[in-house]
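[1] model the following, please.
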Amino acid sequence: MGYRDIQAGWQQDPEAFWMKAAEAIDWDSPPSRAFFDQGPAGEWFADGMVNTCWNAIDRHVQAGHGDRLAVIHDSPMTDSVSRLTYSELQDRVARLAGVLAARGIGKGDRVIIYMPMIPEALQAMLACARIGAIHSVVFGGFAAHELAVRIDDARPRAIIAASCGLEPGRTVAYKPLMDRAIAEATHKPDVTIVFQRPECRADMTEGRDLDWKDAVAAADPVDCVPVEGNHPAYILYTSGTTGQPKGVVRHSAGHLVALAWSVPHIYGIGPGDVFWVASDVGWVVGHSYIVYGPLIAGATTVIFEGKPVGTPDAGTFWRVIADHKVKSFFTAPTAIRAVKREDPQGKLVAQHDLSSLQALFLAGERADPDTITWCEDRLNVPVIDHWWQTETGWAIAANPFGIELLPVKKGSPTLPMPGYDVQVLDEAGHPVAPRTLGAIAIRLPLPPGTLPTLWNAEDRFRKAYLDHFPGYYETGDAGYVDEDGYVYIMARTDDVINVAGHRLSTGGMEEVLASHPAVAECAVIGVADPLKGQAPVGLLCLKKGAEADPSQVVAEVVAMVRDQIGPVAAFKTACVVDRLPKTRSGKILRATMARIADGEDFKMPATIDDPAILDEIRASLATVGYPRG
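    Residues are numbered from 1 along each chain as shown. Down below sits the predicted model:
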């Protein structure tokens, strides 16, 4: 069956479609039906009984595949590679689950995980799932205050941490950050489990801290505990506009069914295939497609501890793909742009045998056509942009590589996946004509695997996502749909700027800037303008080795925007910067830069990769007259 047939099958009978999809996982007790009209946005498979860890590990071992490779850990930071089979992973996870269970931690209890990209992070997540505990992974090395906020919101019985994480040129000690967070938090965990890394051993707090290796060695393995389909598998905090993080909840059964469907159909990954997602377990991409998705499929997942550049060079991605025979590779456009900036001609690509690679997937920020073309020309495989959110847990729109490769339209993540009825609405909530910019919303109910609510914040969930457009989930993204149904995500709703009454997409302008041969990466922000309301300002990073006069590049991109978008854009100002401020997941902090340009106060983003960069941006904006006055 092709995509159109599958999509039509879902549209004609969503209940039957998802009940059929649910046959791909093992149930302790199957659900009586797929959708339950309960809770603020509905729930999926609520009365079934299931265990996530069983579906990710034990069923493969039981089926005779215990010797199959489950995990490859590739760490340029320690110059090491290690591997775990499904049987080895089962034993380690069952024993760690035993450590938790022996301390009375079980179904419904929360466990915070604060770890770098090491196999133990994956084991900690699965150990929680094994006993029905609800994990909340906090990005390793997150500031102590931000960790304390999450401790007080999730109220964990335990925290599982590593002694340190490794960054290029530095070691980040996690244990002191965890200790400070616990001291600051009102809620105190009963126990902490610390995995000691040889690069930085942590001092232990007597009576509270357990040494991971000692505790696991002494533990009795425990079996999987079945939980209800609507039992939370995890809480994942995402940034909130108020500064208070939002705890996205993921229900167990819907999560399993969505991942079991998406891994083969979108990514083309099946049993024994090697899938590499160059992200972090602290983000939703890591939850869905480093940890759970590949293992549910019986595939091999790669855990990578390094950076796209600098560990040791811009050829690291290609080396890992070649070394481990990666079939599908998934990263963020910003990571590819970093590689492209260091190696504009792609000379390092040619040094590696990439014959195993069948597709490159991009998500996390809009994939500009120039970046896609650069990859296509050098990798000679399909380059697939797809769009999703922390809240949805899997792709809203994608090109379903595992079903069929649909015609590519650069700048579009292609078509909605089953379960997502995507609409473009005006401010009054009315659908708009094709190619008209508007707010992108999804008609309720959302499909399995998406958020049913926020942790301990149902009212906030309704206000943030449901109230603005009744009957819809508000994505917070702006864009349009063309006459063929292809979705185009142009900006966050907050990044759509109003220039003299014209609603314009910063993403459309960035697409033009990125096409300049000297530009490696760029951002466009909307700044306050006394005459037009808002005016666009561009920030440009130039390619390494580009012999280009910055003032000439600025003049040329201004002319290009005028030519390709028109005078209506009023794009007259740009400056060259050394780097752009980003979150640790690679999202450019456009709103923060806009507040700097407007001279407004702002809260330091909790997820910023390097706070010092904001001073550089402030100085660069000053050279073009911002803030005004």
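[2] CA atoms for contacts and neighbours, from now on please.
    OK.
[3] now do the same end-to-end measure for stretch 70-81.
    Using Cα to Cα, to the nearest Å, one end of stretch 70-81 lies 14 Å from the other.
[4] number of nearby residues for residue 82?
    Using other Cα atoms under 10 Å, residue 82 is surrounded by 12 other residues.
[5] if I pick the nearest residue in space to residue 259 that is not next to it in sequence, what's in contact with it?
    With sequence-adjacent residues excluded and distances taken as Cα to Cα, 6 or more residues apart in numbering, residue 259 is closest to residue 293, at 5.2 Å. Residues in contact with residue 293, defined by Cα atoms under 8 Å, 6 or more residues apart in numbering, are 259, 260, 263.
[6] now do the SS call for the first one.
    Think residue 259. helix (DSSP: H, G, I helix; E, B strand; the rest coil).
[7] quick check: it touching residue 395?
    No: Residue 259 lies out of contact with residue 395 (Cα atoms under 8 Å); the separation is 10.1 Å.
[8] so residue 153: helix, strand or coil?
    Following three-state DSSP, residue 153 is assigned to helix.
[9] just to revisit the earlier point, so the residue nearest to residue 259 versus residue 287, what's the distance?
    Look at residue 293 and residue 287: by Cα to Cα, they are 8 Å apart.
[10] quick one: low-confidence parts of this protein?
    Along the chain, segments meeting pLDDT under 70 span 240-243, 629.
[11] outline the domain layout of it.
    Here the domain parsing of the chain from automatic domain parsing is 86-225, 500-622.
[12] how near is residue 558 to residue 551?
    For residue 558, the distance to residue 551 - Cα to Cα - is 11 Å.
[13] check residue 201 too.
    Distance, residue 201 to residue 551, by Cα to Cα: 50 Å.
[14] try residue 371
    With Cα to Cα as the criterion, residue 371 and residue 551 are 23 Å apart.
[15] residue 342 is nearest to which of the domains of the chain?
    Closest to residue 342 of the domains of the chain is domain 500-622 (Cα to Cα; 5.7 Å).
[16] and that closest one, how far from the chain's centre?
    Taking Cα atoms, centre = their mean, to the nearest Å, the mean C-alpha location of domain 500-622 is offset from the chain mean by 23 Å.
[17] helix, strand, or coil at the nearest residue to residue 58 once chain neighbours are set aside?
    Distance criterion Cα to Cα, 6+ apart; nearest residue to residue 58, sequence neighbours excluded, is residue 90 at 6.6 Å. Look at residue 90: counting by three-state DSSP, its state is helix.
[18] circling back to that earlier point, with neighbour numbers in mind, choose between residue 201 and residue 551.
    Taking other Cα under 10 Å, residue 201 and residue 551 do not tie; residue 201 has more neighbours (15 against 11).
[19] any idea how far the more buried one is from residue 162?
    9 Å.
[20] same thing with residue 147?
    Distance, residue 147 to residue 162, by Cα to Cα: 14 Å.
[21] if you count surrounding residues, which of these two has more?
    The neighbour comparison of residue 147 against residue 162 (other Cα under 10 Å) goes to residue 162, with 28 against 25.
[22] tell me who's in contact with the residue lying closest to that one once chain neighbours are set aside.
    Among residues not flanking residue 162 along the chain, residue 195 sits closest, at 4.5 Å (Cα to Cα, 6+ apart). The neighbours of residue 195, taking Cα under 8 Å, 6+ apart as the test, are 120, 160, 161, 162, 163, 211, 212, 213.
[23] quick revisit: neighbours of the residue nearest to residue 58, how many?
    Using other Cα under 10 Å, residue 90 has 24 neighbouring residues.
[24] same check on the one 10 residues further on?
    Residues within reach of residue 100, counting by other Cα under 10 Å, total 24.
[25] just the buried residues of the contacts of residue 195.
    Taking 16 or more other Cα atoms under 10 Å as the criterion, what is buried in these is 120, 160, 161, 162, 163, 212.
[26] out of those residues, who's nearest residue 329?
    Distances from residue 329 to the buried ones among the contacts of residue 195, taken by Cα to Cα, are shortest for residue 120, at 22.1 Å.
[27] and that closest one, what element?
    Here residue 120, judged by DSSP states H and E, is contained in helix 119-131.
[28] tell me the helix or strand right after that helix.
    For helix 119-131, the following helix or strand on the C-terminal side (DSSP H and E) is strand 134-137.
[29] who are the packing partners of that next one?
    The contact analysis (3 or more Cα pairs under 8 Å, 6 or more residues apart in numbering; DSSP states H and E) places strand 134-137 against strand 110-114, helix 119-131, strand 232-238.
[30] so how far is residue 100 from residue 396?
    Relative to residue 100, residue 396 is positioned 36 Å away (Cα to Cα).
[31] ditto for residue 585
    As judged by Cα to Cα, residue 585 and residue 100 stand 30 Å apart.
[32] ok now the host helix or strand of residue 266, how far from the chain's centre?
    Using DSSP H and E, residue 266 maps to helix 252-267. Averaged C-alpha coordinates place helix 252-267 at 16 Å from its chain's average position (Cα atoms, centre = their mean).
[33] the inter-axis angle of that helix versus helix 119-131?
    Put simply, helix 252-267 runs at 130 degrees to helix 119-131, going by axes from the mean of the first three to the mean of the last three Cα atoms, to 10 degrees.
[34] list the buried ones in the helix or strand containing residue 510?
    Element membership of residue 510, judged by DSSP H and E, is helix 506-514. Residues 506, 507, 508, 509, 510, 511, 512, 513, 514 are the ones in helix 506-514 that count as buried (16+ other Cα under 10 Å).
[35] using TSV, lay out the residues you listed together with distance to residue 61.
    Compiled in TSV, these are given as follows (distance: Cα to Cα, whole Å):
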residue	distance to residue 61
506	50
507	47
508	49
509	51
510	49
511	48
512	51
513	51
514	48
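[36] which one of the residues you listed is nearest to residue 27?
    residue 507 (43.8 Å).
[37] ok, that closest one - contacts?
    Residues counted as contacts of residue 507 (Cα under 8 Å, 6+ apart) are 366, 490, 491, 524.
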